[in-house]
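>>> Provided below for reference: sequence and predicted model.
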Amino acid sequence: MALGDVGKLLLIVGAVILVIGGGLVLLTRMGVTQLPGSISVSSGNFSFFFPVAFCIVVSVVLTVVINLIVRLRQ
């Protein structure tokens, strides 16, 4: 892999991280942080939050996007 290819790959990865971060900020501002199905446990000094429903939604969206990208490249 040439150095130019590595640079392009890093730019693409950076752009993807930027888009994901922006999307998360927008979702937080819209109040989509706690969907039904999220696990939240608090006890004393300990608190645990796992967004099960949000993970499923993100997984479905990423699956669709990646499938579209792969099909368009063929």
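Structure's in. What do you need? Residues are numbered from 1 along each chain as shown.
>>> hey, let's count contacts and neighbours off CA atoms from now on
Will do.
>>> who touches the closest residue in space to Ile39 that isn't next to it in sequence in this structure?
Spatial nearest neighbour of Ile39, excluding adjacent residues (C-alpha to C-alpha, 6 or more residues apart in numbering): Phe50 at 5.1 Å. By C-alpha atoms under 8 Å, 6 or more residues apart in numbering, Phe50 lies in contact with Ser38, Ile39, Ser40.
>>> from Gly14, how far out is the residue nearest the centre of the chain?
The centre of the chain sits closest to Ile20, judged by C-alpha atoms, centre = their mean, with a distance of 5.3 Å. Ile20 sits 10 Å away from Gly14, going by C-alpha to C-alpha, to the nearest Å.
>>> quick check: longest helix of this structure.
Scanning the chain for the longest helix, with DSSP state H as the assignment, gives helix 3-30.
>>> tell me the pLDDT of the residue nearest to Ile39.
With respect to pLDDT, Phe50 has a value of 84.
>>> for it, give its distance to Met30.
The value you get for Phe50 to Met30, if C-alpha to C-alpha is used, is 19 Å.
>>> same thing with Leu3?
Taken as C-alpha to C-alpha, the span from Leu3 to Met30 is 41 Å.
>>> and what of Leu9?
With C-alpha to C-alpha as the criterion, Leu9 and Met30 are 32 Å apart.
>>> out of the two, which sits in the busier spot?
Leu9 (12 against 9; other C-alpha atoms under 10 Å).
>>> about what we covered before: make a markdown table from the contacts of Phe50 and add neighbour count and pLDDT to it.
Listed next are the contacts of Phe50 as a markdown table, based on neighbours: other C-alpha atoms under 10 Å; pLDDT from 0 to 100:
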| residue | neighbour count | pLDDT |
| --- | --- | --- |
| Ser38 | 14 | 81 |
| Ile39 | 13 | 84 |
| Ser40 | 11 | 84 |
